[in-house]
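Asker: next input, structure requested:
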Amino acid sequence: MISSPRDASFVLLRTPSFPLRIDVSVAHSYRAIVGLGGNIGDVVRRFEHLLIFLKRQKLLVVESTSAILKNPPFGYLAQNAFYNAVMVVRTSMTPVALMRYLLRIEARFGRRRTHANAPRTLDLDLLFFEGRVIDTAQLRLPHPAWGERLSVLMPMVTLA
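Answerer: Residues are numbered from 1 along each chain as shown. Coordinates of the predicted model:
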């Protein structure tokens with residue numbers, strides 16, 4: 001069951017890079033879907049900067065992005081609205097290596113972990129990786145509860 005606050009407003013935003021489809025000619029072996037989120041500062045601009053940063057990297061290539069969803073917080077409610085999107089990437093990294101890489105990118109973009117559902121500059125979640133199912137202390141795939149979160153489902157519908 002999908003739950004959302006009664007008085008919440010959900011708004012889909014489009015920018016020059018969200019949604020976007022990129023012709024990929026790189027020979028990376030795997031396709032993964034990554035969730036993007038944030039609610040501190042100019043998150044939309046940060047998402048744009050993230051794409052510029054990723055274009056300079058060799059470890060993964062962005063294949064497509066979704067529209068950006070502005071949505072109310074859940075869990076810890078005393079914070080700003082969130083902005084969420086998803087992107088499809090190609091990589092040759094393993095799922096665990098990709099997750100570690102995403103965590104390093106979060107830190108580079110100012111992410112500080114204080115408590116569950118806390119405000120954040122950038123949150124990168126590995127949602128899916130080549131249809132694999134993984135359940136370890138390090139990583140769970142597909143991402144738990146992805147199918148119950150409008151912050152994932154609505155952007156996925158808009159993937160370019």
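
Asker: element containing residue 86?
Answerer: Using DSSP states H and E, residue 86 falls within strand 82-91.

Asker: chain center to the helix or strand bottoming out on mean pLDDT in the chain: distance?
Answerer: When the helices and strands of the chain are scored by mean pLDDT, DSSP states H and E, strand 20-21 comes last with a mean of 90. Remark: strand 20-21 is offset 15 Å from the chain centroid, using C-alpha atoms, centre = their mean, to the nearest Å.

Asker: paired strands for that strand, with orientation please.
Answerer: strand 60-65 (antiparallel) (DSSP bridges).

Asker: give me the contacts around whichever helix or strand comes after the strand it pairs with.
Answerer: Next helix or strand after strand 60-65 toward the C-terminus (DSSP H and E): strand 68-71. Applying C-beta atoms under 8 Å, 6 or more residues apart in numbering, the contact partners of strand 68-71 are 4, 8-15, 18, 44, 47, 81-85, 150-151, 154-155. For the C-beta atoms, the positions are set from N, CA and C on the backbone; glycine is no exception.

Asker: what's around residue 130, how many residues?
Answerer: 12 (other C-beta atoms under 10 Å).

Asker: quick one: low-confidence ranges for this structure?
Answerer: Scanning the chain for pLDDT under 70 picks out 1-8, 115-117, 160.
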